[in-house]
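In: mind looking at a prediction? Sequence and model below.
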Amino acid sequence: MQPFRFVHAADLHIDSPFKGLLKYEQRIAQRLKEATFEAYEKLIDLCIAQNVNFLVIAGDVYDGADRSVQAQMRFRDGLARLHEHGIQSFVVHGNHDPLDGRLSRIRMPESAHTFGSEPEWVTASIAGTSVAQIQGISYPTQEVHDNLALKFAPPSEGLFSIGLLHCNVSGIAEHDNYAPCTIEDLSGTGIDYWALGHVHTRQTLKPANPVIAYPGNLQGRQPNESGARGALIVDVDESGRTTSTFEPLDVVRWESLSVSIDGLSDLDALLDAAHVVIDEERVRAGGRDLICRISLTGRGPLHGDLSAENAIPDLSDELRSSYAATTPLVWVERISDRTGPQIDIDALTDRDDFVGAVMKRSIAVLEEDSSETKLRDSLSNVLAQRRFSGILEMPDDPQLADIVDAARWELAELFEREK
């Protein structure tokens, strides 16, 4: 088998509108809209720089079924650049850009192949020699609830095989359950590498025989899409073994940051602490623009200051103003207050009155050998109710310990407020 290299990308979402951010500042929304185009350009640059043999894109090239002319032309221009360097491209469409969406009459380069609504095998070549066979299927409409993996035909002998599919494997949470399938469904086809799309978080569901992988999206578009985003460079050797390398391609990095008020005496100290955390994250972002959410945590006298009217919005404005002229861009998207008052929980427990008695009893109950079993039994009864079915799960031991600790502090705060 002739060795070759390809790039596996998915969920480009070119021309995302980012409507949710317009209520904050239009320039930020515009920057993010440009970011999806720039991340795509970086994908094309990567393919050329890495001298790959072909590119596969596993769905959601565009953000909407009625894709803009600009988005279609920019996508075409990128594939044309690959064509000029002898790099083929293979594309399927997903739920965001199904085949029945509005398309303009824009001619794609000859080396670009878009799969239709039925799976088919096509061949990737190097200098006229076939090196891989690729099978893919596009969504005919936005909502596809059939198991498309079952439509794929087994590969022929001799060539490395790639399955290109936009799907949800085993009901991965936070994503619509379109084209649902299982790892067993994919493994049973005989295909060597499943290039998947739809799930925006990078993950390898199976490392070999076959490889089943999601590269994640190219560009984070909201707070829960934090961290590096990009594509996979896949090398296939003479024996058909694969080695994958993740390459970050995002140009705007989303991050959730935490700033503690523990030990801080005033709001100026809090702002200084926030600057330290943000500046550290700017370094990790590696020259990318940074959009962050900040959670204020901990306990101390600043909790009262943060509870004042407009305190959080004023802090947000102050941080945004301090980074207004910064390049790369830094934008504090939101600050949330999760702080608590400063309470000497040991002093409350040591009191020789009703408060102390209750606190002592709470500790004694929690330290009983049967307390964890009783708590788990109580939670099981609650979680068994139909309204919680499939929504809440039984916490593991560390989570349970956190719940118990939080309950003690909640009780302490209740007594503190009743002084």
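Out: Yep, it's here. Numbering: from 1, shown residues only.

In: which helix runs longest in the protein?
Out: Determined from DSSP state H, the single longest helix within the chain is helix 26-49.

In: C-terminal to it, what's the next element?
Out: Following helix 26-49 in sequence order, the next helix or strand is strand 54-58 (DSSP states H and E).

In: then that following strand to CSV, C-alphas only?
Out: Extracted C-alpha coordinates of strand 54-58, given in CSV (Å, rounded to 0.1, in the frame of the first residue of the first chain):
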residue,chain,number,x,y,z
PHE,A,54,-6.7,15.0,-0.1
LEU,A,55,-9.2,16.7,2.3
VAL,A,56,-12.4,15.2,3.6
ILE,A,57,-15.1,17.4,5.2
ALA,A,58,-17.8,15.6,7.2
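
In: for it, packing partners?
Out: Applying 3 or more CB pairs under 8 Å, 6 or more residues apart in numbering; DSSP states H and E, one finds that strand 54-58 contacts strand 4-9, strand 88-92, strand 129-136, strand 160-166, strand 193-197. The way it works is simple: take the backbone N, C-alpha and C, and place the C-beta from them, glycine included.

In: give me the mean pLDDT for it.
Out: On average, the pLDDT along strand 54-58 is 98.

In: what strands line up against that strand, and which way round?
Out: strand 4-9 (parallel), strand 88-92 (parallel) (DSSP bridges).

In: just the buried residues of the very next helix or strand once past it, please?
Out: From strand 54-58 onward toward the C-terminus, using DSSP H and E, the following helix or strand is helix 69-84. Buried residues in helix 69-84, counting neighbours by 16 or more other CB atoms under 10 Å, are found at 71-72, 74-76, 78-83.

In: residue ranges with poor pLDDT in this protein?
Out: 17-24, 104, 343-350, 352-356, 358-359, 361-419 (pLDDT under 70).

In: domain-wise, how is it divided?
Out: Following automatic domain parsing, the chain resolves into domains at 4-248, 252-337, 345-417.

In: which one of the helices and strands packed on strand 54-58 lies closest to E118?
Out: Checking the helices and strands packed on strand 54-58 against E118 by CB to CB gives strand 129-136 as the closest, at 10.2 Å.

In: quick one: list the elements packing against the closest one.
Out: Packing contacts for strand 129-136, counted by 3+ CB pairs under 8 Å, 6+ apart, involve strand 4-9, strand 54-58, strand 88-92, strand 120-126, strand 160-166.

In: for H8, the count of nearby residues, please.
Out: H8 has 24 neighbouring residues, counting by other CB atoms under 10 Å.

In: same question for E281.
Out: E281 is flanked by 16 other residues according to other CB under 10 Å.

In: pretty sure it is in a helix, no?
Out: Yes. Secondary structure of E281 (DSSP: H, G, I helix; E, B strand; the rest coil): part of a helix.

In: quote the end-to-end distance of stretch 134-144.
Out: Stretch 134-144 has an end-to-end distance of 21 Å (CA to CA, to the nearest Å).

In: same thing with stretch 82-96?
Out: Per CA to CA, stretch 82-96 runs 24 Å from first to last residue.

In: next one: it to chain centre, how far?
Out: Using CA atoms, centre = their mean, to the nearest Å, the mean C-alpha position of stretch 82-96 is found 23 Å from that of the whole chain.

In: quick one, helices of the protein?
Out: Using DSSP H, helices in the chain cover 26-49, 69-84, 183-187, 267-284, 302-306, 311-322, 345-350, 354-367, 371-383, 397-417.

In: I would like the residues contacting the fifth one, please.
Out: Residues lying outside helix 302-306 but in contact with it, judged by CB atoms under 8 Å, 6 or more residues apart in numbering, are 261, 264-267, 270, 296, 311-312, 315, 337, 339-342.

In: again, only using 10 Å
Out: Helix 302-306 is touched from outside by 261-267, 269-270, 296, 300, 311-312, 315, 335, 337-343, with contacts defined as CB atoms under 10 Å, 6 or more residues apart in numbering.

In: which of those residues are buried?
Out: By neighbour count, with 16+ other CB under 10 Å, the contacts of helix 302-306 hold 261, 264, 267, 270, 296, 300, 311-312, 315, 335, 337, 339-341 as buried.

In: and which of those is nearest to A153?
Out: Nearest to A153 among these is I335, at 53.4 Å by CB to CB.

In: tell me the contacts of that closest one?
Out: By CB under 10 Å, 6+ apart, the residues touching I335 are 257, 259, 274, 292-296, 306, 311-316, 319.

In: distance of G86 relative to E174?
Out: Between G86 and E174 the distance is 39 Å, computed by CB to CB, to the nearest Å.

In: neighbour count: the two, which is higher?
Out: G86 (13 against 8).

In: nearest residue to the more buried one in space, please, no chain neighbours.
Out: S111 (7.8 Å; CB to CB, 6 or more residues apart in numbering).

In: so what's the gap between stretch 186-206 and the chain middle?
Out: With CA atoms, centre = their mean, you get 17 Å for stretch 186-206.

In: measure that stretch end to end?
Out: 10 Å.

In: so which bits of it are buried?
Out: Neighbour counts over stretch 186-206 (16+ other CB under 10 Å) mark 186-187, 189, 191-202, 205 as buried.

In: for those, which one is nearest T243?
Out: Nearest to T243 among these: Y193, at 11.6 Å, using CB to CB.

In: in the sheet, who's paired with the closest one?
Out: Bridge pairing for Y193 - DSSP bridges - gives I162, V211.

In: run the chain-centre distance for stretch 190-209.
Out: Worked out by CA atoms, centre = their mean, stretch 190-209 lies 16 Å from the chain centre.

In: that one spans what distance, first to last residue?
Out: 8 Å.

In: rewinding a little: tabulate the buried ones among the contacts of helix 302-306 (CSV), appending distance to E281.
Out: As requested, the buried ones among the contacts of helix 302-306 are exported to CSV (distance: CB to CB, whole Å):
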residue, distance to E281
I261, 19
L264, 19
L267, 21
L270, 17
L296, 16
G300, 23
A311, 23
I312, 20
L315, 17
I335, 15
D337, 20
T339, 20
G340, 25
P341, 28
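
In: let me know the closest of those residues to Y40.
Out: Nearest to Y40 among the buried ones among the contacts of helix 302-306: I335, at 31.8 Å, using CB to CB.

In: what distance do you get for that closest one to I294?
Out: Distance from I335 to I294, by CB to CB: 5 Å.

In: which neighbours do the two share?
Out: Shared between the contact lists of I335 and I294 (criterion: CB under 10 Å, 6+ apart) are residues 257, 259, 274, 312, 315-316, 319.

In: run a quick neighbour tally on L150.
Out: Quick note: L150 (other CB under 10 Å) scores 11 neighbours.

In: understood, closing this out.
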